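S.K.: After the sequence you'll find the predicted model.
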Amino acid sequence: MKKVVIITGASSGIGYQTALFLNEKGYKVYGISTREFSSDKFTHISCDVTDTEKMSDIFKDIYEKEGSIYALINNAGIGISGAIEYAKREEIYRIFEVNVISVVNLSLKILPYLRESKGKIINISSVAGEIPIPFQACYSATKSAVENFSMALNNEIRPQKIKVCCVRPGDTKTNFTKNRIKTDVVNDIYGKRIVNSVKKMEKDEQKGTEPIKVSKLIYKCLKKKNPPLVCTVGTGYKFLCFLGKILHKKLVNYIVYKLY
Ligand SMILES: NC(=O)c1ccc[n+]([C@@H]2O[C@H](COP(=O)([O-])OP(=O)(O)OC[C@H]3O[C@@H](n4cnc5c(N)ncnc54)[C@H](OP(=O)(O)O)[C@@H]3O)[C@@H](O)[C@H]2O)c1
């Protein structure tokens, strides 16, 4: 019987590519995102990941139909760029709600099913969670929160044979760049730094890796009996995160300042 995998944010970018790839690899894939969307390769259900009640019902329906759920991939995410000083309160709350609170809530709701299948939760974090980027302060904070939550949860449920891991992409060519919320620049206290930094991060993303590279790593984690806690996509980013860990934080932050 095909293993059932649920992936959030499956209508675009990394999620969409991963849904196609996992279908190709023989998984039965359910994708969830807010927009109406259909594919002949996987079943798509429209839902906002922050609607925990509706998401719980979806998990229950899938379980009743398929008899088992093997994995949840928490991939849906949003970004905000610009000086955080100018972000609206609701934008700040929203990014934490989508990128962190929904990851927490959905991880907890899926546990009873994974306990039965000895399955996996794979959370999509970001290199920005390890090396925070200016003018993406909240985004960076949400992704480091996801990694810390995943590590702690992994230990809480370790005896139950459920695995939690994070896949950490760097710049990836998706619609994320276009979909990102931009804070209003209300004056020029920051000079050209906001515009230049945002331009750089957008250019880096659009020149970034193809989403299939992330999908392949997600697949590796799904297959492994003992996947790593955090795996970074690409040798360059692996090395960067390694430097981020061993160098003095003040130095790392200064280098990042110079880059942006
Ligand atoms: N692209 C990069 O450079 C990069 C780098 C590091 C990490 N990541 C992470 O990778 C993940 C996927 O991003 P991506 O690059 O593939 O971006 P993307 O192309 O913009 O895709 C984001 C997906 O999330 C869904 N989504 C957003 N808010 C949602 C909500 N409230 N409920 C349900 N679905 C929602 C979107 O679908 P709808 O619009 O239909 O809801 C879409 O399918 C994110 O967690 C992102 O932080 C991306």
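M.R.: Looks like it came in fine. Residues are numbered from 1 along each chain as shown.

S.K.: secondary structure element for L222?
M.R.: In this assignment (DSSP states H and E), L222 forms part of helix 211-223.

S.K.: Remind me what the following helix or strand past that helix packs against, helices and strands.
M.R.: As assigned by DSSP H and E, the chain's next helix or strand after helix 211-223 is strand 230-232. If contacts are counted by 3 or more CB pairs under 8 Å, 6 or more residues apart in numbering; DSSP states H and E, strand 230-232 sits against helix 137-156, strand 163-168, helix 211-223. In this view, the C-beta of every residue, glycine as well, is placed from N, C-alpha and C.

S.K.: For the helix or strand just after the shortest one, what is the distance to the chain centroid?
M.R.: Using DSSP H and E, the helix or strand that directly follows strand 163-168 along the chain is helix 176-179. Chain-centre distance of helix 176-179: 14 Å, with CA atoms, centre = their mean, to the nearest Å.

S.K.: what packs against the helix or strand just after helix 176-179?
M.R.: Sequence-wise, the next helix or strand downstream of helix 176-179 (DSSP H and E) is strand 181-182. On a contact count with 3+ CB pairs under 8 Å, 6+ apart, strand 181-182 meets strand 80-81.

S.K.: Dump the helix or strand just after the strand it packs on to CSV, restricted to CA.
M.R.: Moving toward the C-terminus from strand 80-81, the next helix or strand (DSSP H and E) is helix 89-96. C-alpha atoms of helix 89-96 as CSV (Å, rounded to 0.1, in the frame of the first residue of the first chain):
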residue,chain,number,x,y,z
ARG,A,89,0.9,44.8,13.6
GLU,A,90,-1.4,42.4,11.7
GLU,A,91,1.4,41.6,9.2
ILE,A,92,3.7,40.7,12.2
TYR,A,93,1.0,38.5,13.8
ARG,A,94,0.1,36.9,10.5
ILE,A,95,3.7,35.7,9.7
PHE,A,96,4.1,34.1,13.1
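
S.K.: Buried residues, helix 89-96. List them.
M.R.: For helix 89-96, the neighbour count (16 or more other CB atoms under 10 Å) marks E91, I92, R94, I95 as buried.

S.K.: Counting neighbours, what do you get for V167?
M.R.: By the criterion of other CB atoms under 10 Å, V167 has 26 neighbours.

S.K.: N175 now?
M.R.: 11.

S.K.: I figured it was touching I14, is that so?
M.R.: No - using CB atoms under 8 Å, N175 makes no contact with I14, being 10.1 Å away.

S.K.: What ranges in the chain fall below the confidence cut-off?
M.R.: 186 (pLDDT under 70).

S.K.: who are the neighbours in contact with the residue most central in space within it?
M.R.: By CA atoms, centre = their mean, the chain has its centre lying nearest to I124, at 2.8 Å. Contact partners of I124, counting by CB atoms under 8 Å, 6 or more residues apart in numbering, are I14, I73, N74, N75, G77, V146, C166, V167, R168, P169, V214, I218.
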